[in-house]
Structure formats: structure tokens, C-alpha cells
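Engineer: just coords:
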């Protein structure tokens, strides 16, 4: 008595033959020649690699769709040709089954199962749709046509094509393991704070850095149009930004209702520290290159800041506080809104940001790590009293996601936590092991990479001072660095839809 597997196999073979006979009976049309040309154009994944190359020419979602699609095609081709065809070795349909006008000039000699053409087509379209749904939807008919062309030309049985399509889709989904999809998580605050509405900017002292962001955008005139009654102050390279802000605040008292800043994260940190000292709410206008802090408080564009100030919507967020002990035992305080770091981390971020538009975040981070770590020197440290040698150390104001090496986003800015990450230099081949773990997305199991959240971090350097960097700006030399947060120390204006309702914390 035949087994269940044999019965299912026989049923599939029977269906394959019936579909092929019906396809062979179709009348001859111009579609025969077009489908044959399309099938040959997709040989070796060439069609999809060409489309991927075209998508890569456009930045943003298009580029990520092209890169992910090409990566998926590579994986699908490997699985279909080097694994599937070798395991199953199924014969192709008989050469005389289809009418003579449909046959390809150079039929392949490899096994039939699964269809590599279908695998490549559905791998690319599925991967592209993961990054940009409209692109995937637009290319789906082309993928279906390529897959069907293999049946229409007599190169594959229908089940070969269906298996190839399924295999390609799985290969596309598997790319998420090495290259996670970008998630747009909605930032939220602990509860609304008290801040005055500023519909026309009355009472707002707004600082702008002309060297931040795109030099072609006239920040001053733009800010004047958004808040016509605000007082605008242009920041210079010298004296230090915090001194310029303090001087302007003193000159405009007692009529101040809020401070504002239009610039990069380093400028934002300097103005935020002054706003905290004077207990003034802060308006953040994202005109810098990266705008990490503005993004994490839900201000993605100047229009969001305008809505927030018009309605007086605000909340309290944490500030990072760094206390530096110099070689002369001087005590220096430095505030940061995003990150502080020792070692090569700032260089890694700079290289990653340059490469990300071309290669995507994950690939750019890998290249940046290799370039930077190759020249890095180990730093002996005591982390909360525990001896370590590290290549680099990262401290974030708030808990970042993802927890692997490349921190991207904070969903909450009021937790009082520091996000601590470091790469050990006191283990054999630590840099190579780290890069391999990053490539395979297995950093969580790696002994060379450590991440934890803490309320305080004490870093001592027993062999001499080194320089700290905060929010992308170089700071002082120090032999001891004490990190903590000042919980809910700063009131920031943020859009109504990003405020976490008070009842959720009651």
C-alpha cells in the first residue's frame, strides 16, 4: 500500500502534467515570444540585479529596497541551485511537450526542482516590499510573469515554480536576521508638563547655528517666518556656545518664556543645559544633519515644533550628566542629550553616516567598525570598580534600541537609565570576533560585546587621561568619568500625538 508521501507526490505529478498539457494547448500569440525573452532576461538573476542597481541610485527607501532585494536574490540563488537542485535532481518536462515556437534557444541542463528563476523573482519582490510596499506591489506582476514564463516555455513543471517562489520569499524574510527592518516606534513621555503656548513666538529666545545642516537653507529667515515675535540669536564659533547662550539669556530677562534652538545635537545640548539651569522650557527645531534628540522627542520637522508651541504641549525628559576629573583633580560638569563615548565610537558613527545612504545602516556600520577598529588602541579602564580593557565605550542618555552595537532610537526619554555598551580588548582576537558576531547578528551571545542599562556608571583610567566626546563634540581630558542622568530635568515642547497620557502612569 503506497505511503501518504507517495500518494501526495503522485497527485502533484498528475496536476503538473494536466497544467502543462493545458498550457501547451493555448493558441500561439505574440506573448509566446515576449515570455521567452523575459525568461532569458532573468537568467542568473540578471534582471533583478539590474533593477536593484537602478533602485540603489535613489536614496532612502528605494536604496534599501534595492540592496535588500539583491541580497535576497543571492540567498535564493544559493539555496535553489546549490542545495535544492542537488537534493532533488528532478527532470525537466519533455522537450517536445510545448509547441516549437515557445522553446528557448538554449535550454538549461540543470535539474528542474526548484525553479531558480521563480526563487530569484519572488526573493527580490518580497525583499523590496519589506522596505517599500509600493515598489514591491509594482514589481509583483513582473515577478509573476517571470515565474509563469518558465512553465509557458516548457522549462519547468508548475510545482517547480511554486516551490521556487516559496523558497525565494523565505530567503527574503531571512534577510531580517542580518539586516533588521527599520521600525518607526512612537516616542512618548512620562506625562504632560507645564509650558506656555507660544503661537507667535512672544517670549521665545531662539538660537540658531548657521553652520548646522544644509548651508543652502536660510535658517534665520525660516525661523522668523514661523515665530515672527521671537528674538533670534545667531551663534558663532567663539566664545563657547554655552557662554553665548548665558549672555543672551541674561540680556533678555525677565521677559523670557522659553528658549529655542535650531541646530545639530551638539548645539541642542549646549542650549538644553542653559534651559535646565534657568528652568525654562525648550523648543527644538531639527535643522542639523542628524537631529537624533529632536527625532526621539517626536519633533521630526519644524512644523511639529510649531504645532507644539502653538498649543503649549510639552513633557519632561532626562538629561545626561557627566562629571569629569582631570589630571589636576579639577571637577568639570558636562551635560549631554544623546551620547557620550570613549575610544573609537565617534569615528565609527562618522564613517557610518557617510556610508549609510549608499549601503544601508547595517552594512555601513560593519564597514565603519572594520575601518575604525583596525587603527584603535585598547584603553585600560575600571568600570564601576571592575578592571577591563576596551576598544571603545558608549554611554547613552536613555535606553536605546536595538540592543546590538548600532543604537538607533529611544522610545522613552524619562526612565533615568543610562545605556552602556563596550567592546572588550582583553580577549583573544576580540576585534575579529566582534565583527563576525555583528555580521551574523549574534552579538547577544558574544563575550567581547557587552550591553547593560544602569542608573550610574563610574569609569576610571588607571594608566592616564583620555578625551571624552559628548553629542558628537570633543570634551575635556579626564582620568575619571562619572555618568548619571538628571531625571526629567528638562521640559521640551513636543507634538500632541507624542505625549504619553498621564493615565498610563497613574
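Structural biologist: Thanks, I have the structure now. As the structure is a prediction and not an experimental result, all values here were calculated from the model.
Engineer: Tell me the secondary structure at residue 259.
Structural biologist: strand (DSSP: H, G, I helix; E, B strand; the rest coil).
Engineer: okay, now it: neighbour count?
Structural biologist: 25 (other Cβ atoms under 10 Å). From N, CA and C alone the C-beta is placed, and that goes for glycine too.
Engineer: Apart from its chain neighbours, what residue comes closest to it?
Structural biologist: residue 275 (4.6 Å; Cβ to Cβ, 6 or more residues apart in numbering).
Engineer: Tell me how far that neighbour lies from residue 462.
Structural biologist: 37 Å (Cβ to Cβ, to the nearest Å).
Engineer: Compare the two (neighbour count), which wins?
Structural biologist: residue 275 (26 against 9).
Engineer: Quick check: the more buried one is in a helix.
Structural biologist: Yes - applying three-state DSSP, one finds residue 275 inside a helix.
Engineer: which residues touch it?
Structural biologist: 258, 259, 281, 282, 490, 491 (Cβ atoms under 8 Å, 6 or more residues apart in numbering).
Engineer: how about a cut-off of 10 Å?
Structural biologist: 205, 245, 249, 256, 258-261, 281-283, 319, 489-492 (Cβ atoms under 10 Å, 6 or more residues apart in numbering).
Engineer: do the same with residue 457
Structural biologist: By Cβ under 10 Å, 6+ apart, the neighbours of residue 457 are 322, 340, 383, 384, 393, 395, 418, 420, 481, 482, 483, 484.
Engineer: ok now the longest strand belonging to the chain, how far from the chain's centre?
Structural biologist: Longest strand of the chain, by residue count under DSSP state E: strand 480-493. On the basis of Cα atoms, centre = their mean, to the nearest Å, strand 480-493 sits 25 Å off its chain's mean C-alpha point.
Engineer: rewinding a little: wait, which of the contacts of residue 275 is closest to residue 222?
Structural biologist: For the contacts of residue 275, the minimum distance to residue 222 (Cβ to Cβ) is 12.6 Å, reached by residue 260.
Engineer: Let me know the closest of the contacts of residue 457 to residue 306.
Structural biologist: Closest approach to residue 306 among those (Cβ to Cβ): residue 340, at 31.1 Å.
Engineer: What is the burial count for that closest one?
Structural biologist: 26.
Engineer: Shouldn't it be within a strand?
Structural biologist: Yes - Residue 340 forms part of a strand when assessed by three-state DSSP.
Engineer: if I read this right, it contacts residue 395, doesn't it?
Structural biologist: Yes - using Cβ atoms under 10 Å, residue 340 is in contact with residue 395, at 4.6 Å.
Engineer: Tell me the residues that contact both of the two, please.
Structural biologist: With Cβ under 10 Å, 6+ apart, residue 340 and residue 395 have common neighbours 320, 322, 418, 457, 459, 468, 470, 481, 483.
Engineer: that older thread, please dump the contacts of residue 457 into JSON lines; it should also carry pLDDT and distance to residue 428 for every row.
Structural biologist: Listed next are those as JSON lines, based on pLDDT from 0 to 100; distance: Cβ to Cβ, whole Å:
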{"residue": "322", "pLDDT": "96", "distance to residue 428": "32"}
{"residue": "340", "pLDDT": "94", "distance to residue 428": "29"}
{"residue": "383", "pLDDT": "96", "distance to residue 428": "20"}
{"residue": "384", "pLDDT": "96", "distance to residue 428": "25"}
{"residue": "393", "pLDDT": "93", "distance to residue 428": "20"}
{"residue": "395", "pLDDT": "96", "distance to residue 428": "26"}
{"residue": "418", "pLDDT": "96", "distance to residue 428": "29"}
{"residue": "420", "pLDDT": "95", "distance to residue 428": "23"}
{"residue": "481", "pLDDT": "97", "distance to residue 428": "28"}
{"residue": "482", "pLDDT": "98", "distance to residue 428": "31"}
{"residue": "483", "pLDDT": "98", "distance to residue 428": "29"}
{"residue": "484", "pLDDT": "96", "distance to residue 428": "34"}
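Engineer: So which other helices or strands are in contact with the host helix or strand of residue 55?
Structural biologist: Using DSSP states H and E, residue 55 sits within helix 46-56. Judged by 3 or more Cβ pairs under 10 Å, 6 or more residues apart in numbering; DSSP states H and E, helix 46-56 is in contact with helix 30-41, helix 61-77, helix 116-131, helix 133-152.
Engineer: Just say which of the ones you listed is most tucked in.
Structural biologist: Highest mean neighbour count among the helices and strands packed on helix 46-56 (mean count of other Cβ atoms under 10 Å): helix 116-131, with a mean of 30.
Engineer: so what does that helix touch, helix or strand wise?
Structural biologist: When contacts are defined as 3+ Cβ pairs under 10 Å, 6+ apart, helix 116-131 sits against helix 30-41, helix 46-56, helix 61-77, helix 133-152, helix 158-178.
Engineer: Now with 6 Å, please.
Structural biologist: helix 61-77, helix 133-152, helix 158-178 (3 or more Cβ pairs under 6 Å, 6 or more residues apart in numbering; DSSP states H and E).
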